[in-house]
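A.B. asks: Model the following, please.
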Amino acid sequence: MNPHGNTVLVTGGASGIGLAIAQAFSELGNRVLICGRDPEKLARAQRMNPSLHAISCDITKSSDVETMFAAIAEQHGGFNMLVNNAGSLIPSDFLTDDEALPKRGERSRPTFLERSGSPRRRYRSSCTRTMRRLS
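C.D. replies: Predicted coordinates for the structure are as follows:
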């Protein structure tokens with residue numbers, strides 16, 4: 001896998017670890033798209049690194065994800081690498097809710113982004129290898 005010349009989508013890329021990952025991919029010569037819920041954080045990230053392309057999106061809302069994918073396809077021709085950094089909090093009572101924790105051998109509940117038909121599965125191992133090389 002070539003870590004250069006890709007179009008990379010980093011969810012939660014406006015701050016913290018997501019921003020550090022986005023900047024590292026940018027420095028390697030990739031086109032980097034970041035998404036997040038906070039327009040101020042997205043604008044600040046773009047000021048810090050003008051090569052980042054910011055998209056406002058709440059990945060827990062299917063309409064936001066569909067709009068984001070359409071905008072990426074139109075403006076950038078799609079993306080070939082996903083860093084699924086954003087998370088969401090689903091408050092649960094682990095003592096009384098049998099569905100709150102995954103059963104042995106099961107994965108946790110997927111985000112809408114994972115269920116939406118993104119190219120995540122196709123590029124999952126490539127992204128993992130690249131992230132190991134970057135660290």
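A.B. asks: When you work out contacts or count neighbours from here on, use the C-alpha atoms and nothing else.
C.D. replies: Noted.
A.B. asks: Can you pull out the low-pLDDT segments for the chain?
C.D. replies: 1, 90, 94, 99-135 (pLDDT under 70).
A.B. asks: Show me the helices in it, by range?
C.D. replies: Here the chain has its helices, by DSSP state H, at 16-27, 39-48, 62-76, 112-115, 120-134.
A.B. asks: The third one: which residues count as buried?
C.D. replies: Buried positions in helix 62-76, judged by neighbour count with 16 or more other Cα atoms under 10 Å: 62, 64-66, 68-69, 72.
A.B. asks: Can you give the distance from it to the centre of its chain?
C.D. replies: 13 Å (Cα atoms, centre = their mean, to the nearest Å).
A.B. asks: Packing partners of that helix?
C.D. replies: Counting contacts by 3 or more Cα pairs under 8 Å, 6 or more residues apart in numbering; DSSP states H and E, helix 62-76 is packed against helix 112-115.
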